[in-house]
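Peer 1: generate coordinates for the sequence data below:
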Amino acid sequence: MIEDGSADRGSVMTVRRIGATIRRPTGAWTPAVHALLSHLEAVGFSRAPRALGTDGADAVLSLLYGEPAFTPWPEALRSSHGVGELGRWLRCYHDAVRTFRPPPDAYWQGQEEEWRPGMVIRHGDLGPWNSIWNGGRLAGFIDWDFAAPGHAVDDVAQLAWYAVPLRPLEQQRRASVTGSSTLRARLDVLCAAYGERPRAVIEALDALQSREAARIERLGRQGTEPWATFLARGDASEMLAEQCWIRSEGDALLDTGHK
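Peer 2: Sure, this is the predicted structure:
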């Protein structure tokens, strides 16, 4: 957890903690994100930061108490209970957000599609690094700046990609979660907790990886941040390599019970 009065630099921006609040730079997307977080608060979804307004050039959010799951992952996330917690959190979030109607002038960072009925506002960055754990309990997810309209299954796919993790051996070792049988079991738990078929999630992930790599190439070459940074550090190439790995491991990740 960030100490009171200190700052923390992530891959995109620096945030500061002041007391029980987090301050992060505002952007054109801040009003839409705050409208989303205010809706979650209004419907009783408590496992996300609360939007507390702005202070100069900073957005002010409530602090989620706990620790982010950086590699190597904490024991809670390496357990089947932990991956089930992720799936249940996402199901509860999607249930809460389905009644949200974005403001007519809503601007979302990196938006690819216009919102329409049947869509949700995706978190957009569902990696373990944004999950906050308090002991064995998932306190929630932070860093909502990439929230944007999309399809619910893509959130499930992104969570499976990074938190099962459906990634090559090097990434598995960093997380201290390795082996096809282990990954298959974790994918099954995640999908059962959320209520989606593993095959549908893997198919959605394949499409998501293609779109994300293409977006990094397109926006990165235009010099749009943070995609220019993502392109420079090789994220697009890494995503496509991971896509190839999942395609080669598909039979091992799915058993005959999931068609």
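Peer 1: going forward, measure contacts and count neighbours with C-alpha atoms only.
Peer 2: Will do.
Peer 1: ok, Gln222 to Phe146 distance?
Peer 2: Relative to Phe146, Gln222 is positioned 18 Å away (C-alpha to C-alpha, to the nearest Å).
Peer 1: what about these two, which has more around it?
Peer 2: Just comparing Gln222 and Phe146: by other C-alpha atoms under 10 Å the higher neighbour count belongs to Phe146, 18 against 11.
Peer 1: wait, doesn't that one sit right on Gly110?
Peer 2: Yes - judged on C-alpha atoms under 8 Å, Phe146 makes contact with Gly110 at a distance of 7.1 Å.
Peer 1: low-confidence bits of the chain, can you list those?
Peer 2: Filtered on pLDDT under 70, the chain yields the residue ranges 1-7, 9-12, 256-259.
Peer 1: what ranges do the helices span in it?
Peer 2: Ranges of helices in the chain, per DSSP state H, are 30-42, 75-78, 80-97, 152-163, 169-175, 180-194, 198-221, 227-232, 235-253.
Peer 1: tell me which of those sits most buried.
Peer 2: Among those, ranked by average contacts under mean count of other C-alpha atoms under 10 Å, first place goes to helix 152-163 (a mean of 24).
Peer 1: CA atoms only: put it into CSV for me.
Peer 2: Taking Å, rounded to 0.1, in the frame of the first residue of the first chain, the C-alpha atoms of helix 152-163 are listed here in CSV:
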residue,chain,number,x,y,z
ALA,A,152,-18.9,-8.2,-20.9
VAL,A,153,-17.1,-11.3,-22.2
ASP,A,154,-14.1,-9.2,-23.1
ASP,A,155,-13.6,-8.3,-19.5
VAL,A,156,-13.7,-12.0,-18.6
ALA,A,157,-11.2,-12.7,-21.3
GLN,A,158,-8.9,-10.0,-20.2
LEU,A,159,-9.1,-11.2,-16.6
ALA,A,160,-8.4,-14.8,-17.7
TRP,A,161,-5.4,-13.6,-19.8
TYR,A,162,-3.6,-11.9,-17.0
ALA,A,163,-4.9,-13.6,-13.9
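Peer 1: now tell me what touches it from outside.
Peer 2: Residues outside helix 152-163 that contact it (C-alpha atoms under 8 Å, 6 or more residues apart in numbering): 83, 87, 90, 94, 119-120, 122-128, 166-167, 187, 190-191, 194, 196, 200-202, 204-205, 208.
Peer 1: please redo it, this time with the cut-off set to 6 Å
Peer 2: Leu126, Gly127, Pro128, Val201, Leu205 (C-alpha atoms under 6 Å, 6 or more residues apart in numbering).
Peer 1: how far does that helix sit from its chain's centre?
Peer 2: Taking C-alpha atoms, centre = their mean, to the nearest Å, the mean C-alpha location of helix 152-163 is offset from the chain mean by 7 Å.
Peer 1: stretch 134-143 too?
Peer 2: With C-alpha atoms, centre = their mean, you get 13 Å for stretch 134-143.
Peer 1: residues of that stretch that come out buried?
Peer 2: Applying a neighbour-count criterion of 16 or more other C-alpha atoms under 10 Å, one finds Leu138, Ala139, Gly140, Phe141, Ile142, Asp143 buried in stretch 134-143.
Peer 1: could you measure from the nearest residue to the last one once chain neighbours are set aside over to Gly87?
Peer 2: By that I understand Asp143. Spatial nearest neighbour of Asp143, chain neighbours left out: Asn130 (6.5 Å); criterion: C-alpha to C-alpha, 6 or more residues apart in numbering. Asn130 is 15 Å from Gly87, where distance means C-alpha to C-alpha.
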